[in-house]
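*Asks:* could you work out the structure for the sequence below:
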Amino acid sequence: MTTAIIADDEDLPRKELRRMLNKVWPELEILAECEHGAEALEAIHQEEPDIAFLDIRMPGMTGLDVAHAVKGRCHAVFTTAYDSHALDAFAAGAVDYLLKPVSEIRLHEAVTRLKERIASKQPVADVSQLMSELDKRLKNTTAERIRWISASVGDTIKMFPVEKILFFSSDEKYTRVVCADDEAHVRKPLKEIMDGLDPDIFWQVHRGTVVRADAITRAHRDELGKYTVELRGLQEKLKVSQAYAWRFKPM
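*Replies:* Next comes the predicted model:
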């Protein structure tokens, strides 16, 4: 039996894709539905599916990041709301995509190709070139980046320029914002903040932690293979979840 996972940070598209897959490919077994890239990466390692349906634009770890991290362990089909200019990057046909909202006809075409690739035991496509091409095409179309974070502390409003922030972390209903010399909590969820951060500058290292990459001074690996990172100007060490350990593998 062919198996798959679905990863999308929005509930409705994720559930709708599952419904449509049940219709056009009833024999396909969906092993997991994942709300973000880190969860998808963990599911791929644990469940070893044949296929991963991955939303490209998940906050933090994108679908492309997941496909790159698993390095050929399963076939990837990307779901995306990108415009036609960006979709030209898929023109080579080695990696398939589904444009949101997904149509049943287009899904049927993708399923047919997947069945052929699996039956003929074709190797899983390398997404490195696709990542590079998409990055070039989207550099001028990214959403406006956050420049300041404002936090209310009593009767004072603290202003944190993004370039001075070392890390963000989820703290129940709040997000902790930490600089070298100050910190505060904001009511905005980490997920919403991440949408306005440059993923090349801020790396997600844990489900609830995002750090400034150029502030990382070292990463430590313990006897169990678990990582922690140290940041410039801070004594606090931050945990790295297994899903993001690939960022710190030796070159």
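*Asks:* what's the neighbour count on the nearest residue to residue 208 once chain neighbours are set aside?
*Replies:* Counting by C-beta to C-beta, 6 or more residues apart in numbering, residue 208 lies nearest to residue 170, which is 3.5 Å off, once chain neighbours are set aside. C-betas here are computed from N, CA, C, even on glycine. Applying other C-beta atoms under 10 Å, we find 17 residues neighbouring residue 170.
*Asks:* show me what the helix or strand containing residue 170 is packed up against.
*Replies:* Using DSSP states H and E, residue 170 sits within strand 165-171. Packing partners of strand 165-171 (3 or more C-beta pairs under 8 Å, 6 or more residues apart in numbering; DSSP states H and E): strand 174-179, helix 190-195, strand 209-212.
*Asks:* reformat those as CSV; add mean neighbour count and distance to residue 226.
*Replies:* CSV is the format used below for these (neighbours: other C-beta atoms under 10 Å; distance: least, C-beta to C-beta, whole Å):
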stretch, mean neighbour count, distance to residue 226
strand 174-179, 20, 22
helix 190-195, 17, 22
strand 209-212, 22, 14
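*Asks:* what lines up beside the strand holding residue 170 in the sheet?
*Replies:* Its sheet considered, strand 165-171 pairs with strand 174-179 (antiparallel), strand 209-212 (antiparallel) by DSSP bridges.
*Asks:* what's the closest of the ones you listed to residue 1?
*Replies:* In terms of C-beta to C-beta, the element of the strands paired with strand 165-171 nearest to residue 1 is strand 209-212, at 37.0 Å.
*Asks:* rewinding a little: possible to save the strands paired with strand 165-171 as CSV with distance to residue 65 and mean pLDDT?
*Replies:* Compiled in CSV, those are given as follows (distance: least, C-beta to C-beta, whole Å; pLDDT from 0 to 100):
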stretch, distance to residue 65, mean pLDDT
strand 174-179, 22, 95
strand 209-212, 14, 96
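*Asks:* and of those strands, who's closest to residue 68?
*Replies:* Here strand 209-212 is closest among the strands paired with strand 165-171 (C-beta to C-beta), at 18.8 Å.
*Asks:* show me what the helix or strand containing residue 21 is packed up against.
*Replies:* Using DSSP H and E, residue 21 falls within helix 11-24. If you count contacts as 3+ C-beta pairs under 8 Å, 6+ apart, helix 11-24 packs onto strand 3-7, strand 29-34, strand 51-55, helix 104-119.
*Asks:* point out the most buried one among those.
*Replies:* strand 51-55 (a mean of 28; mean count of other C-beta atoms under 10 Å).
*Asks:* could you give the angle of the following helix or strand past that strand to strand 3-7?
*Replies:* Going down the chain from strand 51-55, the next helix or strand is helix 63-70, by DSSP H and E. Comparing the axes of helix 63-70 and strand 3-7 via axes from the mean of the first three to the mean of the last three C-alpha atoms, to 10 degrees yields an angle of 140 degrees.
*Asks:* give me the residues contacting helix 63-70.
*Replies:* Applying C-beta atoms under 8 Å, 6 or more residues apart in numbering, the contact partners of helix 63-70 are 7, 37, 40-41, 44-45, 52, 54-57, 61, 76, 78-79, 127-128, 130-131, 134, 246.
*Asks:* list the buried ones in the strand holding residue 170?
*Replies:* 165-170 (16 or more other C-beta atoms under 10 Å).
*Asks:* just stretch 10-28 next, same as before
*Replies:* 13-14, 17-18, 20-21, 25, 28.
*Asks:* that's all I had, so thanks and see you.
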